[in-house]
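Asker: fold the following.
(chains A and B)
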Amino acid sequence: MASKASLKGKGKAGKGSKASEEGSSAAKCVKEWSTWAMKKAKVITHYGFIPLIIVIGMNSEPKPQLYQLLSPV
Amino acid sequence: MGSSVSHAGAPPPTPAAAPPTPIPVGLATALPPNTEVQGDGKGVSEKVDWLNLPCPVPFEEIQREALMSLKPELFEGLRFDFTKGLNQTFALSHSVFMGSMEVPSQSSDIIKVPTAHYEFGANFLDPKLMLIGRILTDGRLNARVKCDLTDNLTLKINAQLTNEPHFSQGMFNFDYKGQDFRSQIQIGNNAFYGANYIQSVSPHLYLGSEVFWLGHQRKSGIGFAARYNTDKMVTTGQIASTGIVALSYVQKVSEKVSLASEFMYNHMTRDVTSSFGYDYILRQCRLRGKLDSNGVVAAFLEERLNMGVNLLISAEIDHSKKDYKFGFGMTVGE
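Answerer: This is a model prediction of the structure:
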């Protein structure tokens, strides 16, 4: 959606501002992708951080048994 | 906690685990024991090696003793924590809380909302890598990562993620420890950037300063701090361009008792608070109490009933707002 708006802007404005339009559309693309990446990273961290700690902990020495995760002893 | 300069991402409170009371905490571990031998009747003064000064405490812990004595984790309601260690480095924790939480309100009335939640947590504590995660029943995740990249460089990440959009917070810290200085760079969400630096200028005196910049609100600030400690006392002062002046003084009266006092002045809201507190670290219990200029009297007791079983009793009485909060709880496990 942002790239279509910038293409329309290129048609209307003319050659002088073409370079700045390309620059700002590249910046907009980078910003869009980084926002998308941050959102995905947030979801992955939200669901995966505690399982990651459990996996790292279960593989550390001395290896605990699987039943110890659930039993209260 | 620590810094008196306001910034966007507040670090999450440390996981609740009452320390086993035989191990001294608070002022007893922060200051070196007084081992000077008075052989000939007068004290021998040590020659100061100006090129070999000790490494200072981190900037956010400059008021550590005063905070530990004056700001225990008071709560209202029932609290039960169970920590189960699976091996030396890995532990799971379960925590239940049932009580009232205060909702900030515009008027001076206090609105309390009854809440109950269960929190599951996992800790991985390695000398080089520390991972702590806590997740609540409403979907909030508190994550803390501390990684020693090299001997002197440490990366810390603090994050609080929620299901609601735009309410999550995160902060990255890079710490560099030199021989007699420490520096830190902070990057947080909402375009928060901060840096601080603390240097020892003598074996007892540390000076530090910090700057921060909030991108979205275009606010920036600078602050200065100083800490002077000897075997028996610690005194700190902090002043910031946000208009906050904070002074504190902690005196170690004996091995088991320390007294602390704090003064805070906020120039923007013309708010002045001073508080005075005590910290008794006895064999079986730790008792902390404080008295405030806002008319608040608080006390917090952690009693060791058995190996690994601690009883907690918390009381906070606000005479001016007529707000009385009492809580009790139990902590099982290390």
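Asker: for the stretch 201-334 of chain B, what are the low-confidence residue spans?
Answerer: B:334 (pLDDT under 70).
Asker: in it, what residue is nearest chain A?
Answerer: B:V332 (9.8 Å; Cβ to the nearest Cβ). Quick note: C-beta positions are derived from backbone N, CA and C, even for glycine.
Asker: contacting residues for that residue?
Answerer: B:80-83, B:308-310 (Cβ atoms under 8 Å, 6 or more residues apart in numbering or on different chains).
Asker: same thing but 10 Å
Answerer: By Cβ atoms under 10 Å, 6 or more residues apart in numbering or on different chains, the contact list for B:V332 reads A:72, B:80-84, B:94, B:305-306, B:308-310.
Asker: any chance of the residues you listed in CSV, plus secondary structure, neighbour count and distance to B:R144?
Answerer: Shown next, in CSV, are those (DSSP: H, G, I helix; E, B strand; the rest coil; neighbours: other Cβ atoms under 10 Å in any protein chain shown; distance: Cβ to Cβ, whole Å):
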residue, secondary structure, neighbour count, distance to B:R144
A:P72, coil, 8, 25
B:F80, strand, 16, 22
B:D81, strand, 22, 17
B:F82, strand, 14, 20
B:T83, strand, 19, 16
B:K84, strand, 17, 19
B:H94, strand, 16, 18
B:L305, strand, 12, 29
B:N306, strand, 8, 29
B:G308, coil, 13, 23
B:V309, strand, 12, 26
B:N310, strand, 24, 22
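Asker: neighbours of A:P51, how many?
Answerer: 11 (other Cβ atoms under 10 Å in any protein chain shown).
Asker: now the helices: where do they sit in chain A?
Answerer: A:2-13, A:18-58 (DSSP state H).
Asker: lowest-confidence stretch among those?
Answerer: Among these, helix A:2-13 carries the lowest mean pLDDT, at a mean of 48.
Asker: how about the residue in chain A positioned nearest to chain B: what's its closest non-neighbour residue?
Answerer: Residue of chain A nearest chain B, by Cβ to the nearest Cβ: A:G57 (3.2 Å). Excluding its sequence neighbours, the residue lying closest to A:G57 (Cβ to Cβ, 6 or more residues apart in numbering or on different chains) is B:F90, at 3.2 Å.
Asker: B:Y193 and B:S220 touch, don't they?
Answerer: Yes: counting by Cβ atoms under 10 Å, B:Y193 sits close enough to B:S220 to count as a contact (9.2 Å).
Asker: and what about B:P72, helix, strand or coil?
Answerer: Classification of B:P72 by DSSP: H, G, I helix; E, B strand; the rest coil places it in coil.
Asker: got the contact list for it?
Answerer: B:277, B:279, B:286-290, B:298-302, B:312, B:314, B:316.
Asker: no further questions, thank you.
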